[in-house]
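Q: Sequence and computational prediction follow.
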Amino acid sequence: MSLRVHHADHVHTVAGHASAAASSPVAASWRRCLTLHGLSPEEARAPWRLTDGEFRQARTRSSVLVEEASGELDRLFATVGKAGCCLLLTDENGIALERRGAAGDDREFRGVGLWSGTVWSEASVGTNGIGTALADERPVVILRDQHFLSQNTGLSCTTATIRDHTGRIAAAIDISTCRDDANEMTMAILSQAIRDAAARIEAGLFRRAFSSARILLVPVDGRAAPALLAVDRDDLVLGATRAARQVLGLDDRRIAGGVAASDLLQEDRAEEGRDLDDAERAALRRVLTRVGGNISQAADLLGISRATLYRKMKKLSIN
C-alpha cells in the first residue's frame with residue numbers, strides 16, 4: 001500500500017469518528033475538512049487561485065497590513081530563506097498577499113501552490129498551517145502527515161495569527177518547507193520565530209490605528225502577543241489589543257463606555273482627592289519643561305501672571 005493511500009485511510013478512520021474533535025486539534029481539523037468542507041484526503045486539488053483583479057482587490061483591502069508586515073517578512077526571510085523555507089503573509093481568509101522565497105526553490109513551492117494569489121484556507125486545501133491557524137485562531141505547527149490531503153504530506157509549516165486593533169483575526173504569517181529533514185525540533189524553533197514576528201506586526205498595526213494616542217504596555221507575564229492600551233490625553237482608553245483585553249476584562253462596549261487606564265492598571269490612588277492637584281502639577285511641569293524653566297514664557301503660555309504661576313508652583317511643590 002502506498003504512503004498516500006495509507007495516509008488517506010488513516011484520515012478517514014480518525015475523522016470519521018464523532019469524537020475526533022476531542023482527541024486533538026489536528027483530528028478536529030480533519031473532521032471539519034471531511035464533514036464541513038466535503039473534502040477527501042485522496043483527491044488531487046490545488047489551492048484556489050484568485051484572478052489578477054481579485055488579487056489586486058485583496059491587496060488593496062489589506063494595504064496597511066502589507067505595508068506594516070513587509071519589513072518583518074524581509075528580516076525573517078534573511079534568517080530562514082537559505083534553509084529552504086518559504087514565507088507567506090495572508091489575510092483573514094487565507095489569501096496569500098505577500099511571499100518570500102529563494103529563486104532556487106520557486107519551482108518547488110509554486111508546484112505545491114505556495115504562491116501569491118492562492119488561498120490556503122481549510123475549505124480550499126484541507127488541514128494546513130495557515131487554514132488551521134485561522135480556523136482555530138491560534139498558532140499551529142502542521143508536520144507532513146498531519147496535513148489533510150495526501151498530496152501535501154511532503155510539507156511542514158508553522159503559522160501564527162495576527163489580530164487587528166480591535167482584537168479580531170486579520171491575517172496569518174507562515175513558514176513552510178518541503179525539506180525531508182524538517183523535524184519537530186526544527187519546526188518548534190521556526191514556530192517561535194514566526195510568533196515573535198506576528199507579535200511585532202500586530203503591535204505595529206495597533207500603533208498605526210491609534211497614531212495620535214499614547215500607547216501603554218500592560219505588564220503581563222508569559223504572553224507572546226502584545227498587551228497594549230491606547231490612551232487619550234485624559235487617561236481614557238481608546239483601544240486595546242486582544243492580549244490586553246483578556247488580561248483586563250475589556251471589550252468593545254466597555255471601551256466605548258469610557259474607562260480610565262489608571263483604574264484598569266490599579267495604579268495607587270491612596271489620596272483620591274488629590275487627583276486634580278496631580279493633573280495640574282503634571283500640566284505645569286510639562287509647560288515649564290517646554291520653555292526650559294523660563295517662568296515668564298511659561299506664564300505667557302498658560303495665560304496667567306508670573307505671580308499666579310509662582311503661587312501654584314509653591315502650592316504644588318514644584319521647584
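A: Now that the structure is in, tell me what you want to look at.
Q: mind listing the strands for the stretch 1-150 of the chain?
A: 48-49, 85-91, 96-100, 118-119, 140-142 (DSSP state E, counting those that start in this stretch).
Q: what does the stretch 201-319 of the chain give?
A: If DSSP E, counting those that start in this stretch is used as the criterion, the strands of the stretch 201-319 of the chain fall at 214-217, 228-231, 237-240.
Q: Could you tell me how many residues sit around residue 207?
A: Each residue near residue 207 was counted by other C-beta atoms under 10 Å, and the total is 16. No exception for glycine: its C-beta is placed from N, CA and C like everyone else's.
Q: do the same with the one 3 residues further on
A: Close neighbours of residue 210, defined as other C-beta under 10 Å, add up to 18.
Q: contacting residues for the closest residue to it other than its chain neighbours?
A: The shortest distance from residue 210 to any non-neighbouring residue, by C-beta to C-beta, 6 or more residues apart in numbering, is to residue 230 (3.5 Å). With contact set as C-beta atoms under 8 Å, 6 or more residues apart in numbering, residue 230 has these partners: 165, 206, 209, 210, 213, 214, 215, 216, 237, 238, 239, 240.
Q: Tell me where the stretch 201-319 of the chain has helices.
A: Counting by DSSP state H, counting those that start in this stretch, the stretch 201-319 of the chain has these helices, from start to end: 242-248, 252-257, 261-264, 275-290, 295-302, 306-315.
Q: and the most centrally placed residue in the chain, backbone torsions?
A: Per C-alpha atoms, centre = their mean, the C-alpha nearest to the average position across the chain is that of residue 162, at 2.1 Å. Main-chain dihedrals, residue 162, degrees, to the nearest 10: phi -130, psi 130.
Q: how far away is it from residue 26?
A: Between residue 162 and residue 26 the distance, using C-beta to C-beta, to the nearest Å, works out to 22 Å.
Q: ok so, going back, of the helices of the stretch 201-319 of the chain, flag the one that's most buried.
A: Mean neighbour count (mean count of other C-beta atoms under 10 Å) peaks for helix 242-248 among the helices of the stretch 201-319 of the chain, with a mean of 20.
Q: Show me what that helix packs onto, helices and strands only.
A: Contact analysis of helix 242-248 by 3 or more C-beta pairs under 8 Å, 6 or more residues apart in numbering; DSSP states H and E lists strand 228-231 as its packing neighbours.
Q: Output the strand it packs on as CSV, restricted to C-alpha atoms.
A: As requested, the backbone C-alpha atoms of strand 228-231 are provided in CSV (Å, rounded to 0.1, in the frame of the first residue of the first chain):
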residue,chain,number,x,y,z
LEU,A,228,-1.1,47.3,24.7
LEU,A,229,-3.5,50.1,25.6
ALA,A,230,-4.2,53.2,23.5
VAL,A,231,-4.9,56.1,25.9
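Q: what mean pLDDT does that strand have?
A: Per-residue pLDDT values across strand 228-231 average out to 96.
Q: likewise stretch 116-136?
A: Per-residue pLDDT values over stretch 116-136 give a mean of 98.
Q: Then stretch 80-99?
A: When pLDDT is averaged over stretch 80-99, the result is 95.
Q: my guess is residue 123 contacts residue 37, does it?
A: Yes. Distance between residue 123 and residue 37: 4.6 Å, which falls inside the contact criterion (C-beta atoms under 8 Å).
Q: returning to that earlier point: of the strands of the stretch 201-319 of the chain, which approaches residue 108 most closely?
A: When these are ranked by proximity to residue 108, the top entry is strand 228-231, at 39.0 Å, counting by C-beta to C-beta.
Q: neighbouring strands for that closest one, and are they parallel or not?
A: When sheet partners are counted by DSSP bridges, strand 228-231 sits next to strand 214-217 (antiparallel), strand 237-240 (antiparallel).
Q: Select, out of the ones you listed, the one closest to residue 294.
A: Among the strands paired with strand 228-231, if distance is taken as C-beta to C-beta, the winner is strand 214-217, at 26.1 Å.
Q: List the buried residues for that closest one?
A: Within strand 214-217, the residues that count as buried by 16 or more other C-beta atoms under 10 Å are 215, 216.
Q: can I get the CA coordinates of that strand in PDB?
A: Coordinates of each C-alpha in strand 214-217 appear next as PDB, following Å, rounded to 0.1, in the frame of the first residue of the first chain:
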ATOM      1  CA  ARG A 214      -0.300  57.400  24.000                       C
ATOM      2  CA  ILE A 215       0.500  53.700  23.900                       C
ATOM      3  CA  LEU A 216       0.900  51.900  27.300                       C
ATOM      4  CA  LEU A 217       2.400  48.400  27.700                       C
END
